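S.K.: this is a predicted model, with the sequence first.
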Amino acid sequence: MTAGRNPSADVTLLTAAAAVGSIARGELSAAELFEAYRAAAAADELNAYLWVAGDAPAGGTPADAPLAGVPLAVKDLFCTEGVPSQAGSKILEGYRPPYTASVVARLAAAGAPLLGKTNQDEFAMGSSNENSAYGPVLNPWDRTRVPGGSSGGSAAAVAAGSAPWALGTDTGGSIRQPAALCGIVGLKPTYGTVSRYGMIAFASSLDQAGPLTRDVTDAALLLKHMVGQDARDSTSIGFPGEIALPRGDSLAGIRLGVPQELSGEGDVGIDAGVLDAFNATLKLAEQLGASVHTCHLPHAPHALSAYYVLAPAEASSNLARYDGVRYGLRVENGGLHGMYTKTRTQGFGQEVKRRIMLGTYSLSSGYYDAYYGRAQRVRTKIADDFRAAFDEFDFVVTPTSPSVAFELGAKTADPLSMYLNDYCTVPMSLAGIPAISIPNGLSEGLPTGFQLAGPAFSENRVLEAAFALEQAIGFDASAGRSA
Amino acid sequence: MSTEFEPVIGLEIHVQLSTQTKMFCGCALAFGEPPNTLTCPVCLGLPGTLPRANAQAIHFGLMIGLALGSDLAPRSIFHRKNYFYPDLPKGYQISQYDEPLCRGGRLSDVRIHRVHLEEDAAKLVHAGASGRIHGSDASIVDFNRGGTPLAEIVTEPDVRSAAQAREWLTLLRTTLRRLGVSDVNMEEGSLRCDANISIRPVGATVLGTKTELKNMNSFRFLERGVNAEIARQEALLRAGGQVVQETLHFDPQTERITSLRSKEEAHDYRYFPEPDLVPVAISEEMLAAARADMPELPAAREERLQELGVSAASARQLAWRSELGDYFEAALASGDSPVGVIIQPLANWVCNELVARVGEEDPNASKVSPDALAKLVALVSEKTVTVSNAKLVLDRLVADGGDPAQIVAAEGLAAIAGGDDALDPIVEAALAANADAADKIRSGNTKAIGAIIGHVMRETKGRADGAEVTRIVRAKLGI
């Protein structure tokens, strides 16, 4: 019995950082916390988990581990030794890797043991989590609605309180958009700051791991132990310096740029309620001392088109290894080519096949320059647009997602309308820059997200600004937990 | 009069680099280990794994570029070459495409187009009668070889015959062996050669349609395969047909050429820049390290040997087959005789007599020590043993090793000294026994002297010096 804490209180109500503090002060045991979350995850009714740990790690967490044993939910596509890692795909059903992804191992060593593997869109392709071979995840705010995707399981688990925090991956918005739709915080770091080794690849030049958390402080704390160069990922560059925990409450002198191209004017189709929340947050920012002005990202309207050439191109190659020869699903069909065809026909879902076809086409001889080559040039232009914007502004801000969580099945028949979910998040992915989504209000009773992006390696400034806004917004996430 | 045709040949050579580890992972490289023991998640292409480029392979690639006089790219990039096959665990091969490590260059009379780095595929073994994947009962994969670093060397179409292809490949192998970057063993597959072959009427400047001939896994098969393909194309054109662009397979057992795939069936490899690897940037330090590791190359050795007094033909043979050159230089260093006296005879004995006996094998691995050969050549120069008996001594050395002087003594092969004492009565007897020949010689038919010499050689078991016997015969017959 320790002083200062009611033993009957629900320990899962603590933020991860608060739980770390409680354990450090001896008010809470890591084993007790793990068991509370394990039970919550096992009882999950949202289909957020594909696997839940049976036990806390043998031997417990070292007393000096900075994350103190606060457990971590991990998106299915991170390889975890001996634990199913299926990337939400039937083609990897039951696949248990012989090794653990660098970032998961790094976090385990820092004291964040594996709680469970979370559901996701197959191979991270999707914006609603309806593309999972293991069924859709339900939004904890409204179970008739999607949680967003592709890191939908991670977002729903954190929002519902069955995980203190979670790992996701973001290729074109797959952390930020589900964070927005579930009323939590999601951060996509600068490309290269977090090792990709052990992340089952979707689009290698865009994929980046990041935190999904209840607040900005937790995002900073988790990210602090994720970043770092990894010899096993030659594209990893680490982070210059350390990620600091944010504490400021002012935006004095901060210049916010609102890109005309991504804030509702034109054909983006951002919902009125989302825009209202966005504008209210801009007002708050001004009250905190920020200046708000319109800025321009002239090539941003082409970002989605470029993304849907580049990402599928890389995916068509990344997914070639699922051929039934060595692991995962294998469907015999008389001979080599028959086996290939039947395995991939049965193993991949509709959206994955669509993107493999798109990517194969755009890389084909005679089409490469018109599609892949051109899309790469657009990508360069978009990065240039951001560089120019950051000459004048500290951050670029947009609504994270054009709408709040939509109903299950609402967009499955229309891939293009589904792709438009990423309209505001894809440009930052193409530019490789950090961007955070924080909950900034409700529309139709559902959370909206506010996106704040900075130059490469500006994570500490992004977190500081997001923290100041978070304090001012005072978002009440409890409705999500009541699920 | 029928048209004369000229072959135009370009070669593509794959060289397995003898680095410590594989091209994109930390697995050791070894030949002949139990299957699938030298593997890891990366070279098995498991989900989530990433490649990282082997610095030693890049170092070796730069050394090859320096040896071939290529332009070394300050920045080169890896591409993915996409195709499905069970020996390719990722569904793509990491290779280089339009920005290779080295461009241009020349080795002897053949220009180099480019040199690039890539990874080898795994090894497939097909069970069942066909020996190929189609129609086999099952195929098994050994991933030990998968991911082995390869340098691909592509020549310009400067080769004009199968013999030249073979000779040039020998020089390339020697160059690579001198560099120490590969085992360059064709039978084990660490040196593999494909040939792009076309023919055209002599004097024509336009190239004919080419075919690509694969699977020539020895120097002999390379020569035979290229000749067979040239003959096939010639016959086709003479019969009024046309060569079709296709990839061909040479079967060394039957020497038959079969089609693997036509141009229409060619893969679309969908090359694109490998996003998992950063570009290869060559620093001054890397260049300096590559230059520091450069050994004497065959061209320089050829020149140096000529300056020593070795004939042009011998110098080329010794330099282009570096094991012969090494053997020769070891023998030269061991010999007691003045270099000037025995240098060309020694070169002849290495290049002709020794090679005739050991063939393609490395003479350094034979029972004949360089020291023994040097002594034998010295014995011949001193006329202690005749040339013909020295060849018998060499046979014994090849079979059993040993010391040539002892073999000469034990076998009684020492030359009979010239002059009247020993040879005179034997020559007398030979003239008496071959009176017809003696008459012919007297009447001016000097060729008949062969019969007399042959008689003397039989009587002396080859210990007589032919020139001395001739002198005595001439003296006795007064011619």
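M.R.: That came in fine, so what should we check first?
S.K.: just for the chain, where's the confidence low?
M.R.: Just going to use chain A. Low-confidence segments of chain A, defined by pLDDT under 70, are located at A:1-8, A:264-268, A:483.
S.K.: looking at chain B here, not the other one
M.R.: Flagging of chain B using pLDDT under 70 yields the residue ranges B:1, B:128-135, B:335-341, B:418-420.
S.K.: how about the helices in the stretch 201-350 of chain A?
M.R.: A:216-224, A:272-287, A:303-318, A:336-347, A:350-363 (DSSP state H, counting those that start in this stretch).
S.K.: of all these, which lies closest to chain B?
M.R.: With respect to chain B, and counting by Cβ to the nearest Cβ, the nearest of the helices of the stretch 201-350 of chain A is helix A:350-363 at 3.8 Å. Glycine gets a C-beta too; all of them are placed from N, C-alpha and C.
S.K.: ok, that closest one near chain B or not?
M.R.: Yes. Contact between helix A:350-363 and chain B is present through A:Thr360, A:Leu363 (criterion: Cβ under 8 Å from any Cβ of the partner chain).
S.K.: list phi and psi for B:Leu50.
M.R.: Comment: the main-chain dihedrals of B:Leu50 come out as phi -130, psi 150, following degrees, to the nearest 10.
S.K.: ok, it - contacts?
M.R.: Contact analysis of B:Leu50 by Cβ atoms under 8 Å, 6 or more residues apart in numbering or on different chains lists A:Arg196, A:Tyr197, A:Arg232, A:Asp233, A:Ser234, A:Thr235, B:Val42, B:Asp276.
S.K.: in CSV, list those residues along with distance to A:Lys224.
M.R.: Shown next, in CSV, are the contacts of B:Leu50 (distance: Cβ to Cβ, whole Å):
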residue, distance to A:Lys224
A:Arg196, 19
A:Tyr197, 19
A:Arg232, 21
A:Asp233, 19
A:Ser234, 23
A:Thr235, 21
B:Val42, 28
B:Asp276, 26
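S.K.: separate out the buried members of those residues.
M.R.: A:Arg196, A:Tyr197, A:Arg232, A:Asp233, A:Ser234, A:Thr235, B:Val42, B:Asp276 (16 or more other Cβ atoms under 10 Å in any protein chain shown).
S.K.: might one say that the first one is in contact with A:Asp207?
M.R.: Read that as A:Arg196. Yes. Taking Cβ atoms under 8 Å as the contact criterion, A:Arg196 and A:Asp207 are neighbours in contact, 5.9 Å apart.
S.K.: list of residues touching stretch A:273-284?
M.R.: Around stretch A:273-284, the neighbours that count as contacts under Cβ under 8 Å, 6+ apart are A:256, A:258, A:263-264, A:270, A:292, A:397-399, A:401-404, A:440-444, A:448, A:450, A:469, A:472-473.
S.K.: thinking again about what came up before, can you name the two of the buried ones among the contacts of B:Leu50 that are farthest apart?
M.R.: The largest separation in the buried ones among the contacts of B:Leu50, counting by Cβ to Cβ, is between A:Thr235 and B:Val42 at 14.6 Å.
S.K.: dump the helices of the stretch 201-350 of chain A to CSV, plus mean neighbour count.
M.R.: Output for the helices of the stretch 201-350 of chain A, formatted as CSV (neighbours: other Cβ atoms under 10 Å in any protein chain shown):
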stretch, mean neighbour count
helix A:216-224, 25
helix A:272-287, 17
helix A:303-318, 25
helix A:336-347, 17
helix A:350-363, 19
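S.K.: check contacts around the residue of chain B found nearest chain A.
M.R.: Across chain B, no residue is closer to chain A than B:Gly91, which sits at 2.4 Å (Cβ to the nearest Cβ). Applying Cβ under 8 Å, 6+ apart, one finds that B:Gly91 lies in contact with A:Ser317, A:Leu319, A:Ala320, A:Arg321, A:Asp323, B:Gly45, B:Asn82, B:Tyr83, B:Phe84.
S.K.: skipping its backbone neighbours, what lies nearest it in space?
M.R.: Excluding its sequence neighbours, the residue lying closest to B:Gly91 (Cβ to Cβ, 6 or more residues apart in numbering or on different chains) is A:Ala320, at 2.4 Å.
S.K.: could I have the CA atoms of stretch B:22-37 written out in PDB?
M.R.: The C-alpha trace of stretch B:22-37 is given here as PDB (Å, rounded to 0.1, in the frame of the first residue of the first chain):
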ATOM      1  CA  LYS B  22      27.500 -10.500 -48.500                       C
ATOM      2  CA  MET B  23      26.600  -7.400 -50.500                       C
ATOM      3  CA  PHE B  24      23.800  -6.100 -48.300                       C
ATOM      4  CA  CYS B  25      24.000  -8.000 -45.000                       C
ATOM      5  CA  GLY B  26      26.600  -9.400 -42.600                       C
ATOM      6  CA  CYS B  27      26.500 -13.100 -43.600                       C
ATOM      7  CA  ALA B  28      29.800 -14.700 -44.300                       C
ATOM      8  CA  LEU B  29      30.700 -15.900 -47.800                       C
ATOM      9  CA  ALA B  30      31.800 -19.400 -48.300                       C
ATOM     10  CA  PHE B  31      31.600 -22.000 -51.000                       C
ATOM     11  CA  GLY B  32      30.500 -25.600 -50.200                       C
ATOM     12  CA  GLU B  33      28.900 -25.000 -46.800                       C
ATOM     13  CA  PRO B  34      25.700 -27.000 -46.000                       C
ATOM     14  CA  PRO B  35      22.700 -25.400 -47.700                       C
ATOM     15  CA  ASN B  36      21.000 -22.500 -46.100                       C
ATOM     16  CA  THR B  37      23.500 -22.100 -43.200                       C
END
